[in-house]
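Trainee: Predicted model and sequence follow; I will ask about them next.
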Amino acid sequence: MQLTKFTDIGLRVLMHLAAGDPAASYTARGLAEELGVPYAHVAKVVSRLSEIGVVHARRGRSGGLRITDLGRNAGVGWVTRALEGDDPVVDCDGPTPCTLRRGCRLRGVLAAAREAFYASLDTLTVADLSGADGLPDGVLPIPLIPRAEQARDGAATGRRRTPSQPQQNRSR
């Protein structure tokens, strides 16, 4: 199963907010820059995250984005379901309906597989993904390196350091 880009960005926004300073306020434009995704996408995602109550968005001069307690403690499966929607994995009744749909067992099997996928995500919270505390065995936290820091670290060598690349010792 492949998640939509919308859900991917939504989860990354939540992880970034959860890993950040709880008192800090973020902007959609700043998050887009930090995460390296288009502002228009982040703005749409933030709107949906606000609708489901995991992000508090306030407009204006003293506005900004903050993760809510619900957002920090939400199951990743629940958030994913809320962002992905309830569409089936395959569309058997679409514009050209499948001729096998009456006796086919694939639809039920795929629905069960989707629920198993979400259930496995339900074992983790957004806070689990953004920090090392309380992670189940074998699950590593995602190192959230702000894009500005990546650029600064890569400036000396002329290339950006990605989270999977260890920082090189420059004192040779």
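Mentor: All right, it came through fine.
Trainee: make it CA atoms for all contacts and neighbour counts henceforth
Mentor: Noted.
Trainee: Helices of the chain, start to end?
Mentor: For the chain, the helices defined by DSSP state H occupy 5-19, 28-35, 39-51, 69-73, 76-84, 106-121, 126-130, 147-155.
Trainee: ranking these by mean pLDDT, which is last?
Mentor: Least confident of the helices of the chain, judged by mean pLDDT, is helix 147-155 with a mean of 52.
Trainee: For the closest residue in space to residue 10 that isn't next to it in sequence, give its distance to residue 6.
Mentor: Leaving aside its sequence neighbours, residue 10 sits nearest to residue 45 (CA to CA, 6 or more residues apart in numbering; 5.7 Å). According to CA to CA, to the nearest Å, residue 45 stands 6 Å off from residue 6.
Trainee: Of these two, which one has the most company?
Mentor: Taking other CA atoms under 10 Å, residue 45 and residue 6 do not tie; residue 45 has more neighbours (22 against 16).
Trainee: Next one: the more buried one relative to residue 117, how far apart?
Mentor: Using CA to CA, one gets 22 Å for the distance from residue 45 to residue 117.
Trainee: Residue 50 too?
Mentor: To residue 117, residue 50 is 24 Å away according to CA to CA.
Trainee: okay, these two: which has more neighbours?
Mentor: A direct count of neighbours by other CA under 10 Å for residue 50 and residue 117 places residue 50 higher, at 19 against 13.
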